[in-house]
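[1] Sequence below, structure please.
(2 chains)
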Amino acid sequence: MTDTSSILLSVQDLKVYFHGEDEIARAVDGMDFEVRERETVCLVGESGCGKTVSALAIMGLIPCPPAEVSGGRIIFGGNNLLGLDETELERIRGRRIGMVFQEPLTSLNPVLTIGEQIAEPLRVHTSMPASEIAQFSAQLLQDVGIDRPQERLRDYPHQLSGGQRQRVMIAMALACGPELIIADEPTTALDVTVQAQILRLLSALQRSRALSVLYITHDLGVVSQIADRVYVMYAGIIVEHGTVAHIFKDPRHPYTRALLASLPSRKKRGRRLYSIPGSVPHPAHKPPGCPFHPRCSMAIAACREQHPGLCEFAHGHTARCPVAAGVWR
Amino acid sequence: MLLTAVLLSGAALLAAGVRTLGAVVLVSGHAWLFFSISPWGFRRRKSPAPWMRFFLKGTIQVDTVIMRFVDIMLCFPSFFLILTVVALLPASIYTIMIVIGLTSWEGTARFVRAEFLSLREQDFVAAARALGVGNFRIIFRHMTPNAIAPVLVSATIGIASAILTEAGLSFLGFGVPPPHATWGNILSDGKRFIFDAPWLTFIPGAAILLVVLAFNLFGEGLRDILNPKLRQRN
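    Numbering: from 1, shown residues only, chains lettered A, B, ... in the order given. Model (predicted):
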């Protein structure tokens, strides 16, 4: 991917806070990232680091209250999505941004047929006549690799396997020809062989339909397969950003390094796997300074006091660690 | 006899129909109200934005008002309420129908509300929202079909209980007035001759039993048919 291609989605300083009984959980705390046209961007991080919340914020689906988007801008195709009202958002959801959820088993309505559900975004967003909708839905199912689509259209979700259901979800997200697909851990609930098929399907569709994909996952193996660029998240902020080569060959942030060190590999056969000491801070009780410093092997006194800024290590490769960059000593 | 059965079933069906329809409309309506205003349910929180707090208050009140009204209606012993109303109003088959309908919708209303509250949190509702489907369409196209099957089942059982109520009223002489024959009437007329001609009470009694049983079984069958998991592949 070249830097000259235009930016489709740009999230700037996004903050999403959850208001609890007597504390505020800062789930997403000043996040910046962008997705360019026709590229696959991965958002990686541990459970609870704010990946899903930021995706829901883009779709305008944050449960509000208790959550609240407290700041920042989400620029999509020139509009700030946070400034739109519900009707305008409904026109963007499903039509210009598609979303694929984590659980294909529960994300389909059990009492409607596959055909009715695929037709739903077409009915809501287009004025396609009913006869064409059926044909178009069958074509969509064919495109996502489902055999005998005409018959499948009359099936109910429980008659399909997990992988087929996730394919149906992808077909629904694609129905109106969106520019961006947000996939929130779409393969987590599936077994490994099906996962590989779905990943291949997503990258094939991305090429053939000139889509941008924002792929949210905690699985670094998946990232290395599909991503063009990677954002590593920790406790609601982006700690490192770069191309796949940057992140996997030359990680700079101690968190990214620790994550990669804890991956199993052939070289580490027979040895005990590395695990990062400690656990992710609760979003309501984040440590001051760098949120990673209590678990960091490189932490110095300054890490406890100052919020680390972004440091550039190479063109298009930044990490939020001034210690690694040699700025703080 | 046949005429009676038809008439009575019609009355009971209408009564049950009125109450189910009422309950569904009412509950869907108010589900729509609080669903649309606070999309993801109202959990308790301390400091929402001022305008949100205003709406939040509003939504809780809409739901509370309706459900407390249901609670009040449930407090009346419905059979005696019916007796009172029938005693005050001119007795006719329509009065009986409307009164039975108006005093037996609360259970269904509560039931539908509970269904909607749990459906609202389902993933497929979130998925529908992510497709850009509006609140109105989500309620009537995505949630109602999920809630309607148990409601229909409870409605058929409601028909049975409405028939029983009417038979009870007629037996006591407060039911449908004489020119129309109902099973309850026949029963109470026959009870004077119970030792000389026991079939006069036995046959209408058996008819009530059969019809009530039939509606209950019909409800069971309906539940199986409406469940897509049990439906045969066509």
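[2] Phi and psi next, for the spatially most distant residue from the centre of chain B.
    Here chain B reaches farthest from its C-alpha mean at B:Asp196, the gap being 40.6 Å by C-alpha atoms, centre = their mean. Here is the backbone geometry of B:Asp196 (degrees, to the nearest 10): phi -90, psi -40.
[3] Spatially central residue in chain A, please.
    Note: chain A centre (C-alpha atoms, centre = their mean) maps to A:Ile216, 2.5 Å.
[4] you'd agree that residue is in a helix?
    No - the assignment for A:Ile216 is strand, going by DSSP: H, G, I helix; E, B strand; the rest coil, so no helix is present there.
[5] contacting residues for it?
    A:Ile216 makes contacts with A:Cys42, A:Leu43, A:Lys51, A:Thr52, A:Ala55, A:Ile182, A:Ala183, A:Asp184, A:Glu185, as judged by C-beta atoms under 8 Å, 6 or more residues apart in numbering or on different chains. C-beta here means a position set from N, CA and C on the backbone, and glycine is covered the same way.
[6] Swap in 7 Å and give it another go.
    A:Leu43, A:Lys51, A:Thr52, A:Ala55, A:Ala183, A:Asp184, A:Glu185 (C-beta atoms under 7 Å, 6 or more residues apart in numbering or on different chains).
[7] for A:Gly60, same thing?
    A:Leu81, A:Leu89.
[8] Distance of it relative to A:Val16?
    12 Å (C-beta to C-beta, to the nearest Å).
[9] Would you map the helices across the stretch 51-200 of chain A?
    Remark: helices assigned in the stretch 51-200 of chain A by DSSP state H, counting those that start in this stretch are A:51-59, A:86-92, A:114-125, A:130-143, A:149-152, A:162-174, A:192-209.
[10] again, but for chain B
    B:2-37, B:50-75, B:78-88, B:93-102, B:106-120, B:123-130, B:135-137, B:144-171, B:183-190, B:199-226 (DSSP state H).
[11] Just the CA atoms of the fifth one, as PDB, please.
    Right, the one you point to is helix B:106-120. Coordinates of the C-alpha atoms in helix B:106-120 are reproduced here as PDB (Å, rounded to 0.1, in the frame of the first residue of the first chain):
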ATOM      1  CA  GLU B 106     -52.900  -8.400  31.600                       C
ATOM      2  CA  GLY B 107     -51.000 -11.700  31.700                       C
ATOM      3  CA  THR B 108     -50.300 -11.500  28.000                       C
ATOM      4  CA  ALA B 109     -49.200  -7.900  28.300                       C
ATOM      5  CA  ARG B 110     -46.700  -8.800  30.900                       C
ATOM      6  CA  PHE B 111     -45.600 -11.800  29.000                       C
ATOM      7  CA  VAL B 112     -45.000  -9.800  25.800                       C
ATOM      8  CA  ARG B 113     -43.100  -7.200  27.700                       C
ATOM      9  CA  ALA B 114     -40.800  -9.700  29.200                       C
ATOM     10  CA  GLU B 115     -40.200 -11.300  25.800                       C
ATOM     11  CA  PHE B 116     -39.300  -7.900  24.300                       C
ATOM     12  CA  LEU B 117     -37.000  -7.100  27.100                       C
ATOM     13  CA  SER B 118     -35.000 -10.200  26.600                       C
ATOM     14  CA  LEU B 119     -35.100 -10.000  22.800                       C
ATOM     15  CA  ARG B 120     -33.800  -6.500  22.800                       C
END
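[12] and that helix, how far from the chain's centre?
    12 Å (C-alpha atoms, centre = their mean, to the nearest Å).
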